[in-house]
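Enquirer: starting from these lines, generate the structure:
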Amino acid sequence: MSHEVARRLAISVQPVPKQDAEARKQNFDETYLGFDLNAARIEASRCIQCPSAPCQEACPVSNDIPGAFALLEVGDIIGAANVFRQTSNLPEMCGRLCPQEKLCEGACVVGFAIRPGGQKEPPVTIGKLEAFCTDYQRQQVGGYPLPRYMPEPTGYKIGVIGSGPAGLAVAEILAEQGHAVTVYEFWPEPGGVLVYGIPNFKMRKNIVDEYIAYLKALGVEFVCNTYVGKDITLDQMLATEFDAVFLGTGAGVGNQMEIEGETLKGVYSATEFLVRGNLEPEALPEQYREPLPKLTDVVVIGGGDTSMDCVRTAVRLGAQRVSCVYRRTEAEMLGRGEERKNAREEGVVFEMLTLPTRIIGDESGKVVSVECQRMELGEPDESGRRRPPPVKGSEFIIPADAVAIAIGYGADPVVPQTTSGLKADRKALIQVDADGRTSRPGVFAGGDNVNGADLVVTALADGRRAAEAISEYLKTVTPKRRA
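Expert: The predicted structure is shown next:
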């Protein structure tokens with residue numbers, strides 16, 4: 001081990017300040033306060049600049065993490081931010097939302113290096129540094145940095161369906177090339193899952209607002225409150241004005257438990273619970289504009305990141321007891337460990353190895369409790385996780401005046417059903433090649449409507465690949481004649 005590497009490995013991890021649990025329970029502000037400049041530079045200097053850069057290899061968009069940290073370490077924060085922007089359209093968001101412990105930080109050599117004294121240190125805090133650099137840059141330049149020169153219009157027009165991470169990446173890349181881009185969004189405001197699926201305490205909304213403003217400055221148009229497949233079809237779009245279309249509709253259809261009582265008043269899909277709990281009424285469709293009632297006992301069913309968003313939202317809405325019910329153990333949970341830690345700090349009760357069997361209502365049809373059954377871990381199933389069979393005679397009741405069902409999402413079948421020549425599987429996932437081309441010429445897709453419910457960064461990576469494929473496709477066709 002060289003002297004320089006040993007010096008870097010001896011630097012202790014810099015703690016990331018966050019709001020005290022009791023304080024943050026009273027607000028929807030971001031939990032993590034972020035690094036200051038001095039701590040960020042020290043943390044960046046923990047990177048040992050290994051030539052193989054396993055962190056970069058583990059990143060779905062291949063961010064040059066060592067390159068960015070070499071600049072940050074010497075105080076060139078803008079330069080570091082630009083390195084992230086070379087490969088990522090959403091570094092502020094990925095820095096906050098990616099499960100870095102399973103991706104870049106999980107591959108970081110610093111986290112498992114053997115030091116002379118035998119002590120262990122965590123990996124470099126890559127995600128929080130990525131957010132720090134790009135936040136700092138936006139504060140300095142007053143928003144997302146625009147290109148020095150605006151491109152000449154090409155005459156091509158591209159429709160993007162869905163304004164989540166994949167769709168926004170496609171819109172940005174193609175607009176920078178001079179193509180006219182129109183983004184269609186089902187919700188009243190653009191941003192998709194970034195606005196309607198991510199609570200403010202994980203990522204403040206003005207980050208998305210600034211990015212949308214930047215895309216509009218690039219010439220991107222947004223058409224909201226539009227359900228493609230119902231209000232307008234893909235066939236109509238291609239027949240009239242668009243030379244190519246990208247489908248980034250995500251996976252927004254909440255899975256159901258299919259147990260008694262799911263239709264009771266006070267039982268919500270995770271999406272409805274989150275949007276009514278986190279957003280102003282004017283940002284919501286008519287049916288969701290009434291705020292959630294005052295809550296006392298909230299039960300959230302599921303163990304992923306969405307369930308953590310729900311339990312932590314319930315805490316901030318003033319619920320006195322919030323329970324997360326999950327049929328396996330924490331070892332099988334798919335979500336982020338730091339989110340579970342934050343939830344526990346905020347007083348959430350975890351009922352592991354517990355399966356809801358029935359939701360119970362009163363005579364007026366309002367939920368009053370959830371009947372559950374204890375489970376035990378059995379043999380692994382096809383996913384590799386141990387299957388949990390029930391324990392006989394272990395039934396018990398959890399009081400509840402609200403239940404949120406957060407057991408995963410599926411793709412919306414409407415677009416495949418209403419589009420001729422578009423192949424999808426039985427789960428309505430659109431079939432594509434490695435670059436996002438569908439079975440219909442001129443139609444491309446990526447993100448959760450292809451992969452199933454996944455990460456912001458994997459949707460972003462899909463969008464970037466598809467944008468490149470759309471650029472190549474446009475070279476083979478003549479622009480549609482437009483007035």
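
Enquirer: same for the host helix or strand of A175, what does it pack against?
Expert: Secondary structure assignment for A175, by DSSP states H and E: helix 165-176. In terms of contacts (3 or more C-beta pairs under 8 Å, 6 or more residues apart in numbering; DSSP states H and E), helix 165-176 is packed against strand 157-161, strand 180-184, helix 193-196, helix 205-217, strand 244-247, helix 456-474. For the C-beta atoms, the positions are set from N, CA and C on the backbone; glycine is no exception.

Enquirer: can you confirm V367 is in a strand?
Expert: Yes - under DSSP: H, G, I helix; E, B strand; the rest coil, V367 falls within a strand.

Enquirer: hmm, V267 and it touching each other?
Expert: Yes - under the criterion of C-beta atoms under 8 Å, V367 makes contact with V267 at 5.6 Å.

Enquirer: overlap in contacts of the two?
Expert: Common neighbours of V367 and V267 (criterion: C-beta atoms under 8 Å, 6 or more residues apart in numbering): G261, I359, A402, V403.

Enquirer: next step: those restricted to strands.
Expert: By the criterion of DSSP state E, membership of these in strands covers I359, A402, V403.

Enquirer: closest one of those to L234?
Expert: Nearest to L234 out of those is V403 (C-beta to C-beta; 36.1 Å).

Enquirer: thinking again about what came up before, quick one: closest of the helices and strands packed on helix 165-176 to R426.
Expert: For the helices and strands packed on helix 165-176, distance to R426 was read as C-beta to C-beta. The smallest value, 17.7 Å, belongs to strand 244-247.

Enquirer: gap between that closest one and the chain center?
Expert: Averaging C-alpha positions (C-alpha atoms, centre = their mean, to the nearest Å) puts strand 244-247 21 Å from its chain's average.

Enquirer: swap in stretch 350-360?
Expert: How far stretch 350-360 lies from its chain's middle: 26 Å, per C-alpha atoms, centre = their mean.

Enquirer: where along the stretch 301-450 of the chain do the helices fall?
Expert: Chain-ordered helices for the stretch 301-450 of the chain, with DSSP state H, counting those that start in this stretch as the definition, fall at 305-316, 337-345, 414-418, 448-451.

Enquirer: can I get those helices in CSV with mean neighbour count?
Expert: Rendered in CSV, the data for these read as follows (neighbours: other C-beta atoms under 10 Å):
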stretch, mean neighbour count
helix 305-316, 26
helix 337-345, 18
helix 414-418, 18
helix 448-451, 26
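
Enquirer: so which of these is nearest D231?
Expert: Within the helices of the stretch 301-450 of the chain, the stretch nearest D231 is helix 414-418; the backing value is 10.6 Å (C-beta to C-beta).

Enquirer: what lies in contact with that closest one?
Expert: By C-beta under 8 Å, 6+ apart, the list of residues contacting helix 414-418 from outside reads 161, 227-230, 233-235, 247, 249, 422-424, 428, 430, 449.

Enquirer: switch to 10 Å and redo it
Expert: The contact list for helix 414-418 (C-beta atoms under 10 Å, 6 or more residues apart in numbering) reads 161-162, 227-230, 232-236, 245, 247, 249, 253, 422-425, 428-431, 438, 443, 445, 449.

Enquirer: can you tell me which of the shared contacts of V367 and V267 is nearest A319?
Expert: Ranking those by separation from A319, with C-beta to C-beta as the measure, puts A402 on top at 7.6 Å.

Enquirer: thinking again about what came up before, among the shared contacts of V367 and V267, which pair sits farthest apart?
Expert: The most widely separated members of those, counting by C-beta to C-beta, are G261 and A402 (12.8 Å).

Enquirer: so those two - more neighbours on which side?
Expert: Using other C-beta atoms under 10 Å, the more surrounded residue of G261 and A402 is A402, with 26 against 21.

Enquirer: just the shared contacts of V367 and V267 now: which is nearest R204?
Expert: R204 lies nearest to A402 out of the shared contacts of V367 and V267, by C-beta to C-beta, at 25.2 Å.

Enquirer: would you check that the closest one makes contact with R321?
Expert: No - counting by C-beta atoms under 10 Å, A402 does not reach R321; the two are 11.1 Å apart.

Enquirer: fine by me, thanks again.
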